[in-house]
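# Provided below are the primary sequence and the corresponding predicted coordinates.
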Amino acid sequence: MADIVVLGAGVAGLGLAAFAARRGHRVTLVERDGPPPEGGAHAEVAGWERRGVPHARQGHALLGLGIGVLREECPEVLADLTGRGAVPVTLETGNGDLGLLCRRLVFEAALRRRAAADAAVTLLRDRATGLLCAGAPDGVPHVDGVRLAETGEVTADVVLDATGRRSAAAAWLTAIGGAPPRERAQACGFSYIAQEFALREGGRFPSLRAPVVHELDFATVLAFPGDNGRFHLSTTVSSHDPARRRLLDRAVYLRFLASVAPVRDWLDGATPVGDPLPMAGLENRYRSLTADGAPLVTGYALVGDACAQTNPTFGRGVSLGLAHARTVADQLGRLGQEPAAWALETHASTDRCLGQWFEQQVATDAARLAELAGGSHDDSLTSRVLTALAVLREDDEHVRVAAERVYHMLLTPAELMRDRKVARRVLAFVREHPDLSRDRVGPSRQDFERLLTG
Ligand SMILES: Cc1cc2nc3c(=O)[nH]c(=O)nc-3n(C[C@H](O)[C@H](O)[C@H](O)COP(=O)(O)OP(=O)(O)OC[C@H]3O[C@@H](n4cnc5c(N)ncnc54)[C@H](O)[C@@H]3O)c2cc1C
């Protein structure tokens, strides 16, 4: 049994605390924000102060990979959520996989109840301010605890940093004489605007797919059905688009949404709740704690968004965070070996869990960014394959099931293309339709600018 400190009780930190406790470890979970208020799902969303997660009230899709991890590790969390109005949805993956319709804070509150109720988990409300260093054999610092603003020093066999995309890992490592993480970063190039809605009495979601994606030439609109008849309509526009601030005016945003034909079905039966919420500074970023095959630090690992964050429009962060939390929890049983060996093993298993999804996201986003910058349609192979999958899945059951598995990260894109039936059909389609691009929905840019000014 190991003594573990987990920093950050977001989705990844909460999952990790519960998964580690299940494996017999003792966990101190440190979180700067307080608990959710009592009173059920709506109170959690309206009243939970979550300064540490500025995007907590944005629409979230919960994909098959993450829900699958929870079903295996903590099915009681899903039972709790279903009892509180979250909706499990059977996916078209042919394997009985589930997605879950649920607002992010409702989901997180259930994970938090689970972790807080575990006798092996101590939940400390405090803020981590730095790492403790036990020495630096061969110039590589070994972390054996953390410094907390209120509690002071807490020692541990390993410190797992799940403090999210703004992790202070670089500053903390530098402060103990180490090197900062090696980082790869790519700005997503867009800002997010999200508006919550409530279905009216007797209303139904037009689709249970999460998210439903509609691409315009200059923006993307996403619908996220959630728990208890609530849903979000979110829009991404270029960070350089001067129109983005106008969309934060609720009347303007509703006018814009109503101008996107397939979105009207969502608006017809619903009432807006609160005002549109912005979110900027989005990026794909991977932080690695190794360089040239050697660890930069031992006794310390990054988990969830602190390690890899990805373009939110693909709805992957929560699933990757939970899958990564399980991967790291599995590694805890191997802490008895040399710290450097553990660090390298953890790095390798992290890379298997997150690496290829990160790479795929970077490639997809690079193509879409080039398309937005040039005003022309992206004709890269990746884009043409995605178009082929979107069209073929309409009538081809085999392709539909495979594409759905990739969408929910239950199959990697490389595994998909190793399926000969899919590869043959997709490549034939790409050859036969060299100029086909995905459907775009209106309004035109001109009409859009007109409706911004009323
Ligand atoms: C606009 C937007 C939309 C998104 N939509 C989706 C989606 O549809 N589906 C999806 O799966 N993912 C989505 N994501 C991504 C998803 O929200 C993240 O991947 C997820 O929050 C990562 O969880 P985490 O636990 O790693 O980090 P976080 O959720 O950021 O949690 C970090 C925690 O650490 C705490 N903390 C930070 N610093 C300290 C400190 N010094 N001491 C103590 N505590 C600290 C914070 O308070 C917080 O609780 C979206 C992200 C954004 C920005």
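Everything's here; your move.

# which residues sit against the helix or strand harbouring Glu415?
Mapping Glu415 onto the secondary structure by DSSP states H and E places it in helix 413-418. Contact partners of helix 413-418, identified using C-beta atoms under 8 Å, 6 or more residues apart in numbering, comprise 356, 360, 402-403, 405-406, 422-423, 426. For every residue, glycine as well, the C-beta is placed using N, CA and C.

# show me which of the residues you listed are buried.
Listed as buried from the contacts of helix 413-418 are 360, 402-403, 405-406, 422, 426; burial here means 16 or more other C-beta atoms under 10 Å.

# in a markdown table, list those along with secondary structure, distance to the ligand and pLDDT.
Formatted as a markdown table, those follow (DSSP: H, G, I helix; E, B strand; the rest coil; distance: C-beta to the nearest ligand atom, whole Å; pLDDT from 0 to 100):
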| residue | secondary structure | distance to the ligand | pLDDT |
| --- | --- | --- | --- |
| Gln360 | helix | 15 | 88 |
| Ala402 | helix | 21 | 91 |
| Ala403 | helix | 18 | 89 |
| Arg405 | helix | 17 | 93 |
| Val406 | helix | 15 | 91 |
| Val422 | helix | 25 | 88 |
| Val426 | helix | 26 | 87 |
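
# which one of those is nearest Glu394?
Distance to Glu394, by C-beta to C-beta, is smallest for Ala403 among the buried ones among the contacts of helix 413-418, at 10.5 Å.

# what's near enough to touch the closest one?
With contact taken as C-beta under 8 Å, 6+ apart, Ala403 is in contact with 389-390, 392-393, 416.

# look up how far Val252 lies from it.
35 Å (C-beta to C-beta, to the nearest Å).

# in the stretch 51-200 of the chain, which residue sits closest to the ligand?
Gly52 (1.7 Å; C-beta to the nearest ligand atom).

# pLDDT at that residue, what is it?
Note on Gly52: pLDDT of 96.

# switch to numbering from 735
Renumbered: residue one is now 735, and that last one reads Gly786.

# is the closest residue to it other than its chain neighbours in a helix, a strand, or coil?
Excluding its sequence neighbours, the residue lying closest to Gly786 (C-beta to C-beta, 6 or more residues apart in numbering) is Asp767, at 4.8 Å. Here Asp767 is coil, with the state taken from DSSP: H, G, I helix; E, B strand; the rest coil.

# give me the number of residues near Asp767?
17 (other C-beta atoms under 10 Å).

# against Val893, how distant is it?
With the distance defined as C-beta to C-beta, Asp767 ends up 19 Å from Val893.

# show me the contacts for the spatially most central residue of the chain.
Against the mean C-alpha coordinate of the chain, by C-alpha atoms, centre = their mean, the closest residue is Gly1051 at 1.4 Å. Contacts for Gly1051 (C-beta under 8 Å, 6+ apart) come out as 745, 1038-1039, 1043-1044.

# which single one of those residues is nearest to the ligand?
Gly1038 (2.5 Å).

# show me the contacts for Thr897.
Taking C-beta under 8 Å, 6+ apart, one finds 741-742, 744, 747, 786, 862, 1040 in contact with Thr897.

# now the residue lying closest to Thr856 once chain neighbours are set aside: which helix or strand?
Among residues not flanking Thr856 along the chain, Thr762 sits closest, at 4.9 Å (C-beta to C-beta, 6+ apart). Assigned by DSSP H and E, Thr762 belongs to strand 760-765.

# flag every residue of this protein that's near the ligand.
Counting by C-beta under 6 Å from any ligand atom, the residues of the chain close to the ligand are 741-747, 764-767, 786-787, 789, 792, 794-795, 861-862, 896-898, 926, 1013, 1016, 1038-1040, 1046, 1049-1053, 1055.

# list phi and psi for whichever residue of the stretch 935-1084 of the chain sits closest to the ligand.
Evaluated by C-beta to the nearest ligand atom, the stretch 935-1084 of the chain has Gly1051 as its residue closest to the ligand, separated by 2.0 Å. The phi/psi pair for Gly1051 (degrees, to the nearest 10) reads phi -60, psi -50.

# count of neighbours near Ala1014?
The number of residues packed near Ala1014 is 12, by other C-beta under 10 Å.

# and it, what's its pLDDT?
At Ala1014, the pLDDT value in this model is 88.

# so the nearest residue to it once chain neighbours are set aside, which of the three states?
Sequence neighbours aside, Ser925 is the residue nearest to Ala1014 in space, at 4.4 Å (criterion: C-beta to C-beta, 6+ apart). The three-state assignment at Ser925 reads strand, by three-state DSSP.

# tell me which helix or strand of this structure sits lowest on mean pLDDT?
Within the chain, no helix or strand scores below helix 1115-1126, which has a mean of 78 by mean pLDDT, DSSP states H and E.

# so Gly936: helix, strand or coil?
coil.

# would you agree Gly819 is in contact with Ala844?
No. Using C-beta atoms under 8 Å, Gly819 is not in contact with Ala844, being 11.1 Å away.

# of those two, give the one with the bigger neighbour count.
Neighbours per residue (other C-beta under 10 Å) separate Gly819 from Ala844, with Ala844 holding more: 27 against 18.

# what sits up against whichever strand or helix holds the more buried one?
Using DSSP H and E, Ala844 sits in helix 838-850. Helix 838-850 has contacts (C-beta under 8 Å, 6+ apart) with 743-745, 748-749, 751-752, 755, 763, 769-770, 775, 778-779, 782, 784, 789-792, 794, 796, 808, 810-811, 814-815, 818-820, 834, 855, 857, 960-961, 1052.

# the helix or strand following it packs against which elements?
Sequence order places strand 855-859 as the next helix or strand after helix 838-850, per DSSP H and E. In this structure, strand 855-859 makes packing contacts with helix 745-756, strand 760-765, helix 838-850, judged by 3 or more C-beta pairs under 8 Å, 6 or more residues apart in numbering; DSSP states H and E.

# pick the most deeply packed of those.
Highest mean neighbour count of the helices and strands packed on strand 855-859: helix 745-756, a mean of 28 (counted as mean count of other C-beta atoms under 10 Å).

# next, the angle from it to strand 760-765.
160 degrees (axes from the mean of the first three to the mean of the last three C-alpha atoms, to 10 degrees).

# and helix 745-756 with strand 855-859, angle?
For helix 745-756 against strand 855-859, the angle between stretch directions is 150 degrees (the same axes, to 10 degrees).
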